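Colleague: The amino acid sequence is not available; the structure is as follows:
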């Protein structure tokens, strides 16, 4: 009886691993992520003109000057840019 239970558990683990691999191959072939609800999206980072740090424009302090928007890693960098 114990042998049957262990073989069943082993089969379940092998079947689950197999389907995860197959699901990953299908996801990679389709080019669209299906796991995680598609919440993770790539964000293009921009370079802070003062210190050179790359930041996400979604959460970075910014200032518009000369018709273009500049993004900064901190308020300190933004202040230094404004003093120029």
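Modeller: Sure thing, it's come through. Since the structure is predicted, the reported quantities are computational estimates derived from the model, not experimental observations.
Colleague: And for residue 46, nearest residue in space, chain neighbours not counted?
Modeller: residue 71 (4.9 Å; C-beta to C-beta, 6 or more residues apart in numbering). In short, each C-beta sits where N, CA and C put it, glycine included.
Colleague: ok, how many other residues are close to the one you found?
Modeller: 22 (other C-beta atoms under 10 Å).
Colleague: Ramachandran angles for it?
Modeller: phi -110, psi 150 (degrees, to the nearest 10).
Colleague: Remind me which helix or strand residue 15 belongs to.
Modeller: With elements taken from DSSP states H and E, the one containing residue 15 is helix 2-30.
Colleague: Would you map out the domains in the protein?
Modeller: Per the record, the chain has its domains at 2-38, 46-83, by automatic domain parsing.
Colleague: which regions of the protein lie under the pLDDT threshold?
Modeller: 32-40 (pLDDT under 70).
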